[in-house]
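> sequence isn't available, so here's the structure alone:
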């Protein structure tokens, strides 16, 4: 099982949600080289959304990936493949070159369950252009079974290579993951599965291992866990733990030592009590993130009262 | 299963290994009240070793627990029971009052596999004095099966109430824990089991949940994970996750907010790369702890080279 598995490092893409993609070219290059030396199979180098469709007023190279820019900063590709994530309604088909002309190897589509049809339309386009594809179904912990069944009828017949179980809120535990993986395998036996976890309850690594043991092949992670709010499964833990001769821990340690400690001083992610609480409550972390930006950031009891009060569940921001 | 389980909070005892038990009386009282309000069943309030036998030159009330002192600081016991840990060869029987005269309810004996006979002698003494008892077999990840079988023949016939699986080096994953728990259950079916984890690879909580699911009833943890090196399973995660109507998260959050953030600024524990490495290598954290006290504390690649060099395994300090 472990030999077939692949790591997709999401440090730039999911970590960018922490620091608005304030990554230097040097860091991204060091990360790419480090991941390649470590034997990590994929690096998700950002979003390939359209700056026009998002009315962007400032350049943001990792949020609006451009093929020419990518060729410039990674002139020689090593063994690590490059992937990009897109959101429904934010992709301009004109921006997407055929894979043969792009440094990108894989394009992943993030969508909520109600938009799976639109997600699969994008998948088919990327597939026709030669890319590997995945469909990443977000907020899985809130999806009713009936919607999943309906969506999977479409997924089964599509060209998508990998279907992701995404624990967006960091609310699932290893038993939940095992249950989801078995359900996905039964419902879409012709698709490879992927797992994307968040570390709100310190279960991101354990959940990823559980998925691996149950046959999931695409494992998302970030170096030193850098990702939105509580962050993701740590790349260094996967590289260290998975018994694959091609994996080397040292190049990942080197990236952490050279860059991540300083970045962690500057920006915040990881196991932090308001994120633990939002994970436990199966809520989007945005309320907790706003709280961490306020003066009350360390008033945990007050935060807990706020999000568990009867009014909290009525506020649109809390879902 | 969950209804029978009990949490033993080890913040003072294992956390004392971080700060040489530099805890104020106010903190220990706040912790006791907080744990009681949270419904936590036990608080391990320190070691009951003998200052004489350890040639102590300074007072250290949580390392050398004294019954009169305990009665003074906790004049009225609430629902949370008190436990103490002892080490082989460091206990003076003269120090141990009958349970009826002591605030302590449980005495736990830490021992290596080769000293199980001596550990059980202490257990019998504490048992005769009326205490609940446990035998905590340390460094389990390095114990050969044959030694375990021999030791368990003695354990089976003893009066000990609980036998602990102790992942001293933080080197086990959920599959390992499941394997150990099944082995322990098969070999000593007449004993309750306990689990004590360390968080070197961010698996302490997941390992504890795995143990719980497999029938382990005594779950060790520390508030905000405070314990030696990478620390322990977090009490707040257990209180939040275990479905028991008596558990309340807020009082634990209150202790974290009032005390633990400041303590974490002052002292270091948790997921830190050299501890991750020592856990992954199944080594005692002492080399990593010394490294964290040196100027090279953040030179992770150098540390990795040091502990994985052929000479490292010959140095007595590394085992």
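Ah, there it is. Fair warning: this is a prediction, and the values are worked out from it, not measured in the lab.

> quick one: contacts for whatever residue of the stretch 51-200 of chain A ends up closest to chain B?
Closest contact between the stretch 51-200 of chain A and chain B, by Cβ to the nearest Cβ, is at residue A:174 (6.0 Å). To be clear about C-beta, it is placed using only N, CA and C from the backbone, and glycine gets the same treatment. Residues in contact with residue A:174, defined by Cβ atoms under 8 Å, 6 or more residues apart in numbering or on different chains, are A:203, A:206-207, A:209-210, B:174, B:206, B:209-210.

> which of those residues lies closest to residue B:280?
residue A:209 (13.6 Å; Cβ to Cβ).

> now do the contacts for that closest one.
Counted by Cβ under 8 Å, 6+ apart, residue A:209 has contacts A:174, A:241, B:173-174.

> same thing with residue A:85?
A:13, A:44, A:46-48, A:107-110, A:136.

> with adjacent residues omitted, what lies nearest to the residue of the stretch 51-200 of chain A closest to chain B?
Using Cβ to Cβ, 6 or more residues apart in numbering or on different chains and skipping residues adjacent in sequence, the residue nearest residue A:174 is residue A:210, 4.2 Å away.

> one step back: taking the contacts of residue A:174 one by one, which sit in helices?
With DSSP state H as the criterion, helices contain A:206-207, A:209-210, B:174, B:206, B:209-210 from among those.

> picking up where we left off before, wait, doesn't the residue nearest to residue A:174 sit right on residue A:179?
No. Assessed by Cβ atoms under 8 Å, residue A:210 is found out of contact with residue A:179, at 10.0 Å.

> more neighbours: the two, which one.
Ranked by neighbour count (other Cβ atoms under 10 Å in any protein chain shown), residue A:210 and residue A:179 place residue A:210 first, with 26 against 13.

> and that one, how close does it get to residue A:97?
Distance of residue A:210 to residue A:97, given as Cβ to Cβ, to the nearest Å: 38 Å.

> what ranges do the strands span in the stretch 51-200 of chain A?
Applying DSSP state E, counting those that start in this stretch to the stretch 51-200 of chain A gives strands spanning A:81-87, A:106-111, A:132-137, A:162-166, A:192-196.

> how about the third one: buried residues?
Neighbour-count burial for strand A:132-137, counted by 16 or more other Cβ atoms under 10 Å in any protein chain shown, picks out A:132-137.

> sort the residues you listed by pLDDT and name the bottom one.
Going through those one by one, the lowest pLDDT turns up at residue A:137, 93.

> isn't it right next to residue A:147, touching?
No. With contact defined as Cβ under 8 Å, residue A:137 does not reach residue A:147; the gap is 10.1 Å.

> what is in contact with those two at once?
residue A:113.

> the strands of the stretch 51-200 of chain A: which one's closest to residue B:294?
strand A:192-196 (37.3 Å).

> quick check: the gap between residue A:8 and residue A:42.
Counting by Cβ to Cβ - residue A:8 and residue A:42 are separated by 4 Å.

> what's the overlap in contacts for those two?
residue A:83.

> and these two? Which one has more around it.
With neighbours defined as other Cβ under 10 Å, residue A:8 and residue A:42 compare such that residue A:8 has more, 28 against 22.

> neighbours of the residue nearest to residue A:277 when sequence neighbours are not counted, how many?
Excluding the flanking residues, the one nearest residue A:277 by Cβ to Cβ, 6+ apart is residue A:304, at 5.7 Å. The number of residues packed near residue A:304 is 20, by other Cβ under 10 Å.

> how about the residues of chain A by chain B?
A:173-175, A:199, A:201-207, A:209-210, A:213, A:234, A:236-237, A:240-241, A:249-250, A:253-254, A:256-257, A:261, A:271, A:273, A:276, A:280, A:298-301, A:304-305 (Cβ under 8 Å from any Cβ of the partner chain).

> show me just the buried residues among those residues.
By 16+ other Cβ under 10 Å, the residues of chain A next to chain B give A:173-174, A:199, A:201-207, A:209-210, A:213, A:234, A:236-237, A:240-241, A:249, A:253-254, A:256-257, A:271, A:273, A:276, A:280, A:298-301, A:304 as buried.

> spit out the contact partners of the residue of the stretch 201-319 of chain A found nearest chain B.
At 3.2 Å from chain B, residue A:206 is the closest residue in the stretch 201-319 of chain A, using Cβ to the nearest Cβ. Listed by Cβ under 8 Å, 6+ apart, the contact set of residue A:206 reads A:174, B:173-174, B:202-203, B:205-207.

> 6 Å instead?
Applying Cβ atoms under 6 Å, 6 or more residues apart in numbering or on different chains to residue A:206 gives the contacts A:174, B:203, B:206.

> I'd like those as TSV, with distance to residue B:292 appended.
Converted to TSV, these look like this (distance: Cβ to Cβ, whole Å):
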residue	distance to residue B:292
A:174	30
B:203	20
B:206	24
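
> could I get those as TSV with distance to residue B:184 and pLDDT?
As requested, these are exported to TSV (distance: Cβ to Cβ, whole Å; pLDDT from 0 to 100):
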residue	distance to residue B:184	pLDDT
A:174	20	98
B:203	19	98
B:206	19	98
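
> need the phi and psi values for residue A:59.
Per-residue torsions, residue A:59: phi -70, psi 150 (degrees, to the nearest 10).

> burial check on the residue lying closest to residue A:127 once chain neighbours are set aside, number of neighbours?
The shortest distance from residue A:127 to any non-neighbouring residue, by Cβ to Cβ, 6+ apart, is to residue A:159 (4.1 Å). Counted with other Cβ under 10 Å, the neighbours of residue A:159 add up to 12.

> now distance to residue B:228 too, for the contacts of residue A:174, in JSON lines please.
Formatted as JSON lines, those follow (distance: Cβ to Cβ, whole Å):
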{"residue": "A:203", "distance to residue B:228": "22"}
{"residue": "A:206", "distance to residue B:228": "21"}
{"residue": "A:207", "distance to residue B:228": "26"}
{"residue": "A:209", "distance to residue B:228": "24"}
{"residue": "A:210", "distance to residue B:228": "27"}
{"residue": "B:174", "distance to residue B:228": "22"}
{"residue": "B:206", "distance to residue B:228": "19"}
{"residue": "B:209", "distance to residue B:228": "21"}
{"residue": "B:210", "distance to residue B:228": "22"}
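
> so which of those would you say is closest to residue A:186?
With Cβ to Cβ as the yardstick, the closest approach to residue A:186 among these comes from residue A:210, at 16.8 Å.

> got the contact list for the closest one?
A:174, A:177-178.

> pLDDT below threshold where in the stretch 1-150 of chain A?
By pLDDT under 70, the low-scoring segments of the stretch 1-150 of chain A are A:1.

> swap the cut-off to 90 and go again
Along the stretch 1-150 of chain A, segments meeting pLDDT under 90 span A:1-3, A:139-146.

> got phi/psi on the closest residue to chain B within it?
Of all residues in the stretch 1-150 of chain A, residue A:34 sits closest to chain B, at 11.0 Å by Cβ to the nearest Cβ. With angles defined as degrees, to the nearest 10, residue A:34 sits at phi -60, psi -50.
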